[in-house]
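**Q** have a look; sequence and predicted model below, questions after that.
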Amino acid sequence: MLIVQKYGGTSVGTIERMKAVAGRVVQCRKENNDVVLVVSAMAGETDKLISLAGSISDSPADREMDMLLSSGERVTASLVAMAIDALGCKAMSFSGRQVGIITDTAHTKAKIEMVTAEKVKKALAGGYIPVIAGFQGINRETDDVTTLGRGGSDLTAVAVAAAIKADLCEIYTDVDGVYTADPNIVKNARKLLKISYDEMLELASLGAKVLQARSVEFAKKYEVPVVVRSSFNFEPGTLVIKEDKDMENVVVSGVAHDKNQVKITIQGVPDTPGIAARLFKPIAANGIVVDMIVQNVSTDGKLADISFTVPKTDEKLAISITKEVADSLGSKGVVVNDDIAKISVVGVGMRTHSGVAAKMFQTLWDSNINIMMISTSEIKLSCVIDAKYTELAVRELHKAFELAAC
């Protein structure tokens, strides 16, 4: 088999952990597999580099941040390659540029446009284990280094797996699979043996930190089989694959929560065509992803309040843009609530089963939890609530949908 393995920051957080990863890779190779590695920066290294940048400038240029942050993965790649060499297997480290990971020009959150992987293929043919620095690429037009955003090494691994037509992409992390809820909150949460791309994509975008959402999108597009496993044990993980009939029989597969949200409300704007466009066009132009949107119209039909949620990382910019628009519209003001959480239930079975919304709303009501906003899709139902009720909501919904381990 041709296998791409990705190891996260905690998996390569120390020299001892790197040696353990090297041992695991060499063993996989001895089992007649060809192996390609993708590695993250050592745990805490990226935050350390961000802190160093902050000590120099309050607003460092995105281009320079990419040059800085991409160094962490290159350090890990070379060290892990050395560790593999020390065990008697040939290894060769590569940067994103050397692999041919071509991206757009969006520094700090670039999108992959193509992966050539010619040097990776050549290294495999020469009997080497390629060790690739994750999280980074190169823009063809400017020749600048770009980074793929938080969790970007997952995306690197899946993209490389698609490019070299790997049989499997294994994502090694500090958890041993995808669970029905965060095990730190729900003690009897159950590990899923398999999950569909669509369900995993929803869970990833809704706060589950097991896989980067963009990596799941890429895996779905190119049908790359992905396994989420722990690098700290040898337990089987969770297989992320194309939806099958068995998955449809399960109404809800998991409960996700996300505290990295802020709710912004622009009050008292004219209820006329084009107002929403005037607000959200500049927000979109600045690369801010809006999640939920709710508009409430006054009883006389003349004024409206528009509420929406964005990631906390974009809070300052989103507020600044909203206030500027609010002033131009003569609104009554802007109100911000950053003490919220998004609670979601996900399952492909929701397409063919009714009553999920009713059960979720009833469960939150029974727990005296007020719902501020609601969002739905074919396989997802999300509610915004006060952050202080997050853990209670997750536990009660997990119980209500009978997701616990037997």
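**A** Okay, I see it. Worth saying up front: this structure is predicted, and the values here are computed from it rather than measured.
**Q** any weak-confidence spans in the stretch 101-250 of the chain?
**A** Counting by pLDDT under 70, the stretch 101-250 of the chain has low-confidence residues at 207-208, 245-248.
**Q** the strands in it, which residues?
**A** Using DSSP state E, counting those that start in this stretch, the strands of the stretch 101-250 of the chain run over 101-103, 112-115, 129-133, 136-139, 145-147, 168-173, 194-196, 226-230, 238-241.
**Q** closest one to Asp339 among those?
**A** Nearest of those to Asp339, taken as CB to CB: strand 168-173 at 29.0 Å. C-beta: built from backbone N, CA, C; applies to glycine.
**Q** helices and strands around the closest one, which ones?
**A** Under the contact criterion of 3 or more CB pairs under 8 Å, 6 or more residues apart in numbering; DSSP states H and E, strand 168-173 touches strand 2-7, helix 152-163, strand 226-230.
**Q** list phi and psi for Asp271.
**A** Phi and psi for Asp271, reported as degrees, to the nearest 10, are phi -90, psi 70.
**Q** could you measure from the nearest residue to Lys220 once chain neighbours are set aside over to Ala157?
**A** Leaving aside its chain neighbours, Lys220 sits nearest to Tyr197 (3.7 Å; criterion: CB to CB, 6 or more residues apart in numbering). Applying CB to CB, to the nearest Å, one obtains 15 Å for the distance of Tyr197 from Ala157.
**Q** more neighbours, those two?
**A** Higher neighbour count among Tyr197 and Ala157: Ala157, with 32 against 21, using other CB atoms under 10 Å.
**Q** buried stuff in the strand or helix carrying Asp327?
**A** Applying DSSP states H and E as the criterion places Asp327 in helix 315-329. The neighbour-count check on helix 315-329 (16 or more other CB atoms under 10 Å) flags Glu315, Ala318, Ile319, Ile321, Thr322, Lys323, Val325, Ala326, Leu329 as buried.
**Q** list the strands paired with the helix or strand just after it, with their directions.
**A** Following helix 315-329 in sequence order, the next helix or strand is strand 333-337 (DSSP H and E). If you go by DSSP bridges, strand 333-337 pairs up with strand 261-270 (antiparallel).
**Q** the strand it pairs with: which residues count as buried?
**A** So, applying 16+ other CB under 10 Å, buried residues of strand 261-270: Gln261, Val262, Lys263, Ile264, Thr265, Ile266, Gln267, Gly268, Val269.
**Q** ok, those vs Val25, which is closest?
**A** Of all those, Val25 sits closest to Gln261, with 37.9 Å by CB to CB.
**Q** test my guess that the closest one contacts Ser307.
**A** No - Gln261 is beyond contact range of Ser307, at 11.9 Å (criterion: CB atoms under 8 Å).
**Q** identify the residue spatially nearest to Arg97, adjacent ones excluded.
**A** Spatial nearest neighbour of Arg97, chain neighbours left out: Ile138 (4.2 Å); criterion: CB to CB, 6+ apart.
**Q** correction: the previous question concerned Lys388.
**A** Nearest to Lys388 is Asp339, by CB to CB, 6+ apart, at 7.6 Å.
**Q** again, but for Asn233
**A** Of all residues beyond its chain neighbours, the one nearest Asn233 is Asp176 (6.2 Å), with distances taken as CB to CB, 6+ apart.
**Q** can you name the residues that contact the one you found?
**A** Applying CB atoms under 8 Å, 6 or more residues apart in numbering to Asp176 gives the contacts Lys191, Arg229, Ser230, Phe232, Asn233, Glu235, Gly237.
**Q** among these, which one sits closest to Val210?
**A** Nearest to Val210 among those, with distances taken as CB to CB, is Gly237, at 9.8 Å.
**Q** might one say that the closest one is in contact with Arg229?
**A** Yes - here Gly237 reaches Arg229: they are 3.4 Å apart, a contact under CB under 8 Å.
**Q** so for those two, which residues contact both of them?
**A** Shared contacts of Gly237 and Arg229 (CB under 8 Å, 6+ apart): Glu170, Asp176, Gly177.
**Q** ok, now which ones touch the residue nearest to the spatial centre of the chain?
**A** Among the residues of the chain, the one closest to the centroid is Gln212, at 2.6 Å (CA atoms, centre = their mean). Applying CB under 8 Å, 6+ apart, we find Gln212 in contact with Gly149, Arg150, Gly151, Gly152, Asp154, Leu155, Ala204.
**Q** leaving out chain neighbours, which residue sits closest to it?
**A** Spatial nearest neighbour of Gln212, excluding adjacent residues (CB to CB, 6+ apart): Gly151 at 3.2 Å.
**Q** what's the burial count for the one you found?
**A** Gly151: 19 neighbours (other CB under 10 Å).
**Q** just grab the bridge partners of Val38 for me.
**A** Bridge pairing for Val38 - DSSP bridges - gives Lys6, Ile132.
**Q** any buried residues in the longest helix seen in the chain, and which?
**A** Using DSSP state H to define each element, the chain has its longest helix at helix 62-86. By 16+ other CB under 10 Å, the buried positions in helix 62-86 come out as 62-63, 65-81, 83-84.
**Q** look up phi and psi at Trp365.
**A** The phi/psi pair for Trp365 (degrees, to the nearest 10) reads phi -60, psi -50.
**Q** that one: neighbour count?
**A** Trp365, neighbours per other CB under 10 Å, totals 11.
**Q** and the gap between it and Ile385?
**A** In this view, Trp365 and Ile385 are 12 Å apart by CB to CB.
**Q** go on, Ile371?
**A** Ile371 is 6 Å from Ile385, where distance means CB to CB.
**Q** any common contacting residues for the two?
**A** Contact criterion CB under 8 Å, 6+ apart; residues shared by Ile371 and Ile385: Leu364.
**Q** same drill for those two, tell me which one is more crowded.
**A** Between Ile371 and Ile385, counted using other CB under 10 Å, Ile385 has the larger neighbour count: 21 against 15.
**Q** surely that one is in contact with Glu391?
**A** No - here Ile385 does not reach Glu391: they are 11.2 Å apart, not a contact under CB under 8 Å.
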